[in-house]
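Enquirer: Make a model of this:
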Amino acid sequence: MTTANVGQFVRFTRHGFEITGEVTKILERSVIVNISGEDALLLDYGTNFTVVSHENYEVIKK
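Expert: I've put the predicted structure just below:
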């Protein structure tokens, strides 16, 4: 498992959708990711930020 750094992009699956976002903060067991407004609407979130466990994302080059 590769842990992302702030500013890197990660890909993860949420509710059957593949989502890509930028890591804004690293926590002990997860990261806070800034996702697009379109993805936030798709997931019915009231914010563009979501928490993703280190086990549930893949670091990508963007």
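
Enquirer: Okay, helices next: where are they in this structure?
Expert: 37-42 (DSSP state H).

Enquirer: If you count neighbours, what's buried in the lengthiest strand in it?
Expert: Assignment by DSSP state E gives strand 17-26 as the longest strand of the chain. By neighbour count on 16 or more other C-beta atoms under 10 Å, the buried set for strand 17-26 is Ile19, Thr20, Gly21, Glu22, Val23. To be clear about C-beta, it is placed using only N, CA and C from the backbone, and glycine gets the same treatment.

Enquirer: closest to Ile60 among those residues?
Expert: Thr20 (6.8 Å; C-beta to C-beta).

Enquirer: okay but the closest one is in contact with Ala4, surely?
Expert: No: using C-beta atoms under 8 Å, Thr20 makes no contact with Ala4, being 12.0 Å away.

Enquirer: Who are the contact partners of the residue most central in space within the chain?
Expert: With distances taken as C-alpha atoms, centre = their mean, Val33 lies nearest the centre of the chain, 3.9 Å away. Going by C-beta atoms under 8 Å, 6 or more residues apart in numbering, Val33 touches Val10, Phe12, Gly21, Glu22, Val23, Thr24, Phe49, Thr50, Val51, Val52, Tyr57.

Enquirer: and of the residues you listed, the nearest to Asp39?
Expert: Of all those, Asp39 sits closest to Gly21, with 7.3 Å by C-beta to C-beta.

Enquirer: dump the residue contacts of the closest one.
Expert: For Gly21, the contacting residues are Phe9, Val10, Val33, Asn34, Ile35, Ser36, Asp39, Thr50, by C-beta under 8 Å, 6+ apart.

Enquirer: Double-check the last one against Ile35; I have them as touching.
Expert: Yes: under the contact definition of C-beta under 8 Å, Thr50 touches Ile35, with a separation of 6.0 Å.
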